[in-house]
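Visitor: No letters, just coordinates:
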């Protein structure tokens, strides 16, 4: 069993609703990647901004990945989902659950950055340590 066109349209509409609620000025970017050899898989890629960074969704034949990529190309977090329960907001392995995990992770990134005010950080800017 694989994702149907209506499943993909559902995901796109869900993301567009999210972008509308966030009042995002950046559009959803959609691209398709075709496998060049037997070791690769073809997939559809959806990219869009979250509050603090971007998110990617890669939709393969029978599974999907919600990815929070780092600037250097590595993934800070990725969550798999499948075609079962695609519209279910509570089911493990569902699109909504994976999307929510990545959004929550994006929110945590700001608090991690704000809490990293250490003496090493201050020294790197030529500031003295504050007691």
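Guide: Looks like it came in fine. Note that the structure is a prediction, hence the values are computed from the model and not measured.

Visitor: hey, where'd the strands end up in this structure?
Guide: For the chain, the strands defined by DSSP state E cover 29-33, 43-49, 54-59, 63-69, 75-82.

Visitor: Just send the ones you listed back as a markdown table, with mean neighbour count and distance to residue 99 too.
Guide: Where you see a C-beta, it was placed from the backbone N, CA and C, and this is true even at glycine. What follows is those, written out as a markdown table (neighbours: other C-beta atoms under 10 Å; distance: least, C-beta to C-beta, whole Å):
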| stretch | mean neighbour count | distance to residue 99 |
| --- | --- | --- |
| strand 29-33 | 11 | 16 |
| strand 43-49 | 18 | 11 |
| strand 54-59 | 20 | 8 |
| strand 63-69 | 20 | 6 |
| strand 75-82 | 16 | 8 |
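
Visitor: Can you say which of those is nearest to residue 92?
Guide: Nearest to residue 92 among the strands of the chain is strand 75-82; the distance by C-beta to C-beta comes to 9.3 Å.

Visitor: As a markdown table, the strands of the chain with mean pLDDT and distance to residue 7 would be great.
Guide: Shown next, in a markdown table, are the strands of the chain (pLDDT from 0 to 100; distance: least, C-beta to C-beta, whole Å):
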| stretch | mean pLDDT | distance to residue 7 |
| --- | --- | --- |
| strand 29-33 | 94 | 14 |
| strand 43-49 | 95 | 11 |
| strand 54-59 | 93 | 8 |
| strand 63-69 | 92 | 9 |
| strand 75-82 | 90 | 10 |
